[in-house]
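A.B. asks: Let's see this in three dimensions:
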Amino acid sequence: MDVIKTNQLTKRYGSARGIEQISMTVEEGEFFGFIGPNGAGKSTTIRTLLGLIRPTSGTASVLGMNVETEKEKILAQTGYLPSEAVFYSGMKVKEVLKLSADLRKQNCSEESQRLCQRLQLDSSRKINELSFGNRKKVAIVCALQHNPRLLILDEPTSGLDPFMQKEFFEILRERNSKGTTIFLSSHILSEIQRNCTKAAIIREGKIIACDQVEKLAKSSTKRIRIHGTADISGLSGVQDLHSDSDGLHFLYGGEMSVLLSVLSQGKIQDLSITEPDLEEVFLHYYTEEGGIRS
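C.D. replies: Numbering: from 1, shown residues only. I've put the predicted structure just below:
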């Protein structure tokens, strides 16, 4: 089953860009990453999927339901974690969690308590007494306590310390192993590479790549390290070039035979050619064809 499916999904804000012709599919049980820097269109895509804003054109379905006409049914089976969660400041944490459960007409007290213990969240405290990180924990429990079929998480780890980030992703992996589909929006590449099986890269409102994470990382682009001297100033396909005491380092997306021919004219003491990590591949996508570096 396709849990999320969009076809040419577009949202414009007057003349301003939102998202343009987004087409992607997230299958049931996937741990799907949605990668892009702030302003790329991640949150606009998510809000459109949840029916919180109406698309300008195109179509989208979530859990087999139309996002424009069946929003309430979608939200009943979805856990949503916004990048910034706002709560009533005078309420206690346990009151906020109960309100969230009551709105779904469910008793989530047992799961809520379990999640609070794992995230070290004191449910007796008032919201206005909490740090940003602890407010994020409240939002996490609200999103997860009703055991939804689909989790849509928008920059979920901002404000969490490294220990809590580790525990949070452990919880997500447990949910995913039991069949929960997870849609994780993030600009932190290591989060995507460690946890997701498939990912889409969004740039300036458009999907520019979508594939298995392993395949995205194993692109034709290579990380080159040269010990010695060589004139590569006229070589096309070179990106992220820098030099240090060890020599030259750069990403290379051109023909390997051309690179080796150029290097043979220099004085090379050592050469290494390796697969780049996902962060370097992301940089490649964002710098090629006049794209922006972020």
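
A.B. asks: which intervals of this structure have sub-threshold pLDDT?
C.D. replies: Applying pLDDT under 70 to the chain picks out residues 218-220, 275-294.

A.B. asks: Swap in 50 and give it another go.
C.D. replies: Residues of the chain meeting the criterion pLDDT under 50: 289-294.

A.B. asks: Mind jotting down where the helices sit in it?
C.D. replies: For the chain, the helices defined by DSSP state H cover 42-49, 71-76, 93-103, 109-118, 132-144, 162-177, 189-195, 213-217, 256-263, 278-287.

A.B. asks: Switch these over to JSON lines; also include distance to residue 250 and mean neighbour count.
C.D. replies: Any C-beta I mention is one placed from the backbone N, CA and C, and that applies to glycine too. Shown next, in JSON lines, are the helices of the chain (distance: least, CB to CB, whole Å; neighbours: other CB atoms under 10 Å):
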{"stretch": "helix 42-49", "distance to residue 250": "29", "mean neighbour count": "24"}
{"stretch": "helix 71-76", "distance to residue 250": "46", "mean neighbour count": "16"}
{"stretch": "helix 93-103", "distance to residue 250": "49", "mean neighbour count": "18"}
{"stretch": "helix 109-118", "distance to residue 250": "43", "mean neighbour count": "16"}
{"stretch": "helix 132-144", "distance to residue 250": "38", "mean neighbour count": "22"}
{"stretch": "helix 162-177", "distance to residue 250": "31", "mean neighbour count": "15"}
{"stretch": "helix 189-195", "distance to residue 250": "19", "mean neighbour count": "18"}
{"stretch": "helix 213-217", "distance to residue 250": "18", "mean neighbour count": "17"}
{"stretch": "helix 256-263", "distance to residue 250": "10", "mean neighbour count": "14"}
{"stretch": "helix 278-287", "distance to residue 250": "10", "mean neighbour count": "20"}
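
A.B. asks: The ones you listed: which one's closest to residue 33?
C.D. replies: When the helices of the chain are compared by CB to CB, helix 189-195 sits nearest residue 33, at 3.8 Å.

A.B. asks: Can you name every helix or strand that the closest one contacts?
C.D. replies: strand 31-35, helix 162-177, strand 181-186, helix 213-217, helix 278-287 (3 or more CB pairs under 8 Å, 6 or more residues apart in numbering; DSSP states H and E).

A.B. asks: Any chance of a markdown table for the helices of the chain, columns distance to residue 22?
C.D. replies: Shown next, in a markdown table, are those (distance: least, CB to CB, whole Å):
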| stretch | distance to residue 22 |
| --- | --- |
| helix 42-49 | 6 |
| helix 71-76 | 17 |
| helix 93-103 | 29 |
| helix 109-118 | 32 |
| helix 132-144 | 23 |
| helix 162-177 | 23 |
| helix 189-195 | 18 |
| helix 213-217 | 17 |
| helix 256-263 | 34 |
| helix 278-287 | 16 |
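
A.B. asks: Of those, which is nearest residue 126?
C.D. replies: Once those are compared by CB to CB, helix 93-103 is nearest, at 7.6 Å.

A.B. asks: dump the residue contacts of residue 51.
C.D. replies: 67-68, 71, 74-75 (CB atoms under 8 Å, 6 or more residues apart in numbering).

A.B. asks: Since that was my last question, I'll sign off now.
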